[in-house]
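Chemist: Based on what follows, work out the 3D shape:
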Amino acid sequence: MAQRTLSLKKTVATLCTVALLSVSALPAASFSIKEEREVGEKLVYEVRQVFPLLEDPDISQYITSLGDDVLSVAGVQYFKYHFYVIKSSQFNAFSAPSGMIFFYSGLITQMESEDELVAVLAHEIGHSVKRHIASGQKEGACSTGAALALAILGLAVGGNAAPALMTGALATGQTVNLHYSRIHEQEADSLAYHWLRKMKRNPQAEVQMLGIMRRIARYRSEQLPQYLLTHPNPEERMNTVESFIDSDGIPADTRVIDNFAFLRFKYRILVLTEDPDTLRNYFSNSLSGRDATEQTRTMAKYGLARLACEEMNFDNALKLIDEVIKVYPQASILKVDKGVILIEAGKLNEALPLLEQAHHDDAANLYTSWSLGRLYQQLGRVQDALHCYKEVQSVNPEYPKLLFEMGQIEAGQGNTGVANYYLASSQLYEGNIKMAKESLNRALDGSSMSREFKHKCFELQEKIHDLEKD
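Modeler: Purely as a prediction, here's the structure:
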């Protein structure tokens, strides 16, 4: 009987794989590529008005690097993908047209490994690659990109705000199909599974995440999270992926992932989003747990160090981060973390050699450049600060805190036009279009400004105009 069951699973897995992978990567859609890009741009702006985004460079660079890893095996894409972390306790993630992938912090905090995060990333990228939202729209279902963006946002927000957003988006009384169908979920799951294998990651992580979804579905049946409403049937989906694994087995060359980077990412998010007392108990339990590994205990100390810094208990924060550094002496990012604690403690001269050495060791790390730039700015070395900030800007040009600080430096040097340009950009990417327009008008009304920045002002003006259309 066991052999017969395994044979049946293998047959199902083979048929599913052939059926799903034979579908073209980019099915015909009612929305064109250009229209999808328009929807994506409008949606990001709408999201910024509703949610705070966690855009610290180490957070955004880490999740982007994992997304890029998936894209490296996914083939040629029509869009430049962007990955965002939303500050919200909801168990949710969603893939929007034109490669905009949004993760809620509440979903990330339920994960236990980097492979699980990559599995969900791959699933959401699968929806984008297949253009499931765009292909699901009937002709005229949403007459404008702005309407579809609002409809997607309404679904993503859920709760009490959703009906108003959906009503506003669909004022004409037409309908829009934003829920993924069974075949959509199968396609995204199948793509994620095969991409995980190509990346030499453990496909069992996909089963583990579906198991978390199933558990939440069982225990929160009265008020299901949006992710379970838009990504249905975790039980059935888990069985399908398990049949793939039963058929193929776990490859012998599957990578064993060190979860240091993931746990640092997760605990950074926890400290930025969760109640301090709850977190203190969480980290303390991780330290004292009977089955806790050395990594579990060490990273719990990391979480406590960041929590102590947030609570301005700098002596304890420094003591704990030093204990973590002893275990991971080669992790230069921890020296940046220590430098940040020293900056917050007002010990600027102690932070300087740490951050400069970390920048020398890894100039591509945006968190290092951002932290060193902040330090240089406080020390009055504004040109050095601008140099570091431009390193971050070249990769993450929409980071509001960065643009604000660049504007502060330019204002301090008397460059009011450029300062107002940066301020307008910061306000726009915080979701405040009215204030952005006012600052941009001040920039254009100002006196001397280089041709380069005048051109940037006009580009920003055009972007604002496009966002306000419809």
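
Chemist: From residue 356, how far out is residue 376?
Modeler: Separation of residue 376 from residue 356 (CB to CB, to the nearest Å) stands at 10 Å. (C-beta placed from N, C-alpha, C; glycine too.)

Chemist: Neighbour count: those two, which is higher?
Modeler: Between residue 376 and residue 356, counted using other CB atoms under 10 Å, the more crowded position is residue 376 (23 against 16).

Chemist: per-domain residue ranges of this structure.
Modeler: Listed domain ranges for the chain are 2-248, 346-396, 399-470 (source: automatic domain parsing).

Chemist: Kindly export the helix or strand containing residue 300 (C-alpha atoms) in CSV.
Modeler: Taking DSSP states H and E as the criterion, residue 300 maps to helix 294-310. Listed in CSV are the C-alpha atoms of helix 294-310, where the atom choice follows Å, rounded to 0.1, in the frame of the first residue of the first chain:
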residue,chain,number,x,y,z
GLU,A,294,24.6,28.3,20.2
GLN,A,295,23.3,30.4,17.3
THR,A,296,19.8,30.7,18.9
ARG,A,297,21.3,32.0,22.1
THR,A,298,23.8,34.3,20.4
MET,A,299,21.2,35.9,18.2
ALA,A,300,18.9,36.3,21.1
LYS,A,301,21.6,38.4,22.7
TYR,A,302,21.8,40.4,19.5
GLY,A,303,18.0,41.1,19.7
LEU,A,304,18.4,42.1,23.4
ALA,A,305,21.3,44.4,22.4
ARG,A,306,19.2,46.2,19.8
LEU,A,307,16.3,46.4,22.2
ALA,A,308,18.6,47.9,24.9
CYS,A,309,19.8,50.5,22.4
GLU,A,310,16.2,51.5,21.6
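
Chemist: And that helix, what does it pack against?
Modeler: Helix 294-310 sits against helix 260-273, helix 276-288, helix 314-327, helix 332-344, with contacts defined as 3 or more CB pairs under 8 Å, 6 or more residues apart in numbering; DSSP states H and E.

Chemist: between the second one and helix 314-327, how many degrees?
Modeler: Just to be clear, that refers to helix 276-288. 30 degrees (axes from the mean of the first three to the mean of the last three CA atoms, to 10 degrees).

Chemist: Give the other helices and strands that helix 276-288 contacts.
Modeler: helix 260-273, helix 294-310.

Chemist: Pipe those into CSV and attach distance to residue 450 and mean neighbour count per row.
Modeler: Shown next, in CSV, are the helices and strands packed on helix 276-288 (distance: least, CB to CB, whole Å; neighbours: other CB atoms under 10 Å):
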stretch, distance to residue 450, mean neighbour count
helix 260-273, 37, 20
helix 294-310, 39, 21
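
Chemist: I'd like to know which of the helices and strands packed on helix 294-310 is closest to residue 467.
Modeler: The closest of the helices and strands packed on helix 294-310 to residue 467 is helix 260-273. By CB to CB, the value is 27.4 Å.

Chemist: angle of the closest one against helix 276-288?
Modeler: Using the same axes, to 10 degrees: helix 260-273 against helix 276-288 is 150 degrees.

Chemist: quick check: angle from helix 260-273 to helix 294-310?
Modeler: Using the same axes, to 10 degrees: helix 260-273 against helix 294-310 is 30 degrees.

Chemist: what's next to helix 260-273, contact-wise?
Modeler: Contact with helix 260-273 is made by 54, 56, 58-59, 62-63, 85, 87, 89, 105, 108-109, 111, 113-114, 117, 279, 282, 295, 299, 302-303, 306-307, 310, 328, 331, 333, as judged by CB atoms under 8 Å, 6 or more residues apart in numbering.

Chemist: Run the chain-centre distance for it.
Modeler: 13 Å (CA atoms, centre = their mean, to the nearest Å).

Chemist: what do you get for stretch 90-110?
Modeler: Centroid separation for stretch 90-110 versus its chain: 7 Å, with CA atoms, centre = their mean.

Chemist: Kindly report the same for stretch 319-336.
Modeler: Its chain's C-alpha centre and that of stretch 319-336 lie 25 Å apart, by CA atoms, centre = their mean.

Chemist: cool, and stretch 420-436?
Modeler: Counting by CA atoms, centre = their mean, stretch 420-436 is centred 21 Å from the centre of its parent chain.

Chemist: Could you tell me the end-to-end distance of it?
Modeler: End-to-end distance of stretch 420-436 (CA to CA, to the nearest Å): 9 Å.

Chemist: Could you number the chain from 47 rather than 1 from now on?
Modeler: Renumbered: residue one is now 47, and that last one reads stretch 466-482.

Chemist: Next, the buried residues of it.
Modeler: Across stretch 466-482, burial judged by 16 or more other CB atoms under 10 Å covers 466-479, 482.

Chemist: re the thing from before, which stretch in the domains of the chain has the least confidence?
Modeler: When those are compared on average pLDDT, domain 48-294 comes out lowest at a mean of 74.

Chemist: you'd agree residue 135 is in a strand?
Modeler: No: applying DSSP: H, G, I helix; E, B strand; the rest coil, one finds residue 135 to be coil, outside a strand.

Chemist: nearest residue to it other than its sequence neighbours?
Modeler: Ranked by CB to CB, 6 or more residues apart in numbering and with sequence neighbours excluded, the top spatial neighbour of residue 135 is residue 152, at 4.2 Å.

Chemist: could you list every residue that touches that neighbour?
Modeler: 134-138.

Chemist: Many thanks, I have nothing further to ask.
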